[in-house]
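Participant: Sequence plus predicted model, see below.
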Amino acid sequence: MRRLLLSALLLASVAAHASSTMRVGSQVLSVGESASRAIQLLGEPSFKEPIESEHGGYVGERWQYQREDGRIATITIVGGKVGSIEEQRR
């Protein structure tokens, strides 16, 4: 049972990878940088989704980018800054 659970967790970690940085060509985008820096490096996102609090208030946005290498990058913007970076393979 433990082995099955461990295998499932390892597979899930390969599918999605959260990081505090993301390489974009010769540049690097880091958590804490401004939303305008993300747009400067990645362009306009292909998809934007609002993030709401449990009471329905606006918290931020989740931006998705289709990368040239086939990965999907999801950038969370909170308070005008990059809050998290997640990349996943298709």
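Facilitator: Great, that's in hand. Treat the numbers as computed from the prediction; the structure is a model and nothing was measured.
Participant: What residues does the closest residue to E61 other than its chain neighbours make contact with?
Facilitator: Counting by CB to CB, 6 or more residues apart in numbering, I77 is the residue found nearest to E61 once chain neighbours are left out, at 4.8 Å. Every C-beta, even on glycine, is put in place using the N, C-alpha and C of the backbone. Each residue near I77 by CB atoms under 8 Å, 6 or more residues apart in numbering is listed here: A35, A38, G60, E61, R62, W63, G83.
Participant: Closest to E49 out of the residues you listed?
Facilitator: R62 (4.5 Å; CB to CB).
Participant: Would you tell me what helix or strand that closest one is located in?
Facilitator: Assigned by DSSP states H and E, R62 belongs to strand 58-66.
Participant: go on, S36?
Facilitator: helix 35-42.
Participant: hmm, back to that, as a whole number, average confidence for the next helix or strand after the strand holding R62?
Facilitator: The C-terminal neighbour of strand 58-66 among helices and strands, as given by DSSP H and E, is strand 72-78. Strand 72-78 carries an average pLDDT of 96.
Participant: Any regions of this structure where pLDDT drops low?
Facilitator: The chain contains residues with pLDDT under 70 at 1-18, 90.
Participant: picking up where we left off before, tell me the first helix or strand C-terminal of the helix holding S36.
Facilitator: strand 47-52.
Participant: can you pull the contacts of P50?
Facilitator: Here P50 is in contact with Y58, G60, E61, R62 (CB under 8 Å, 6+ apart).
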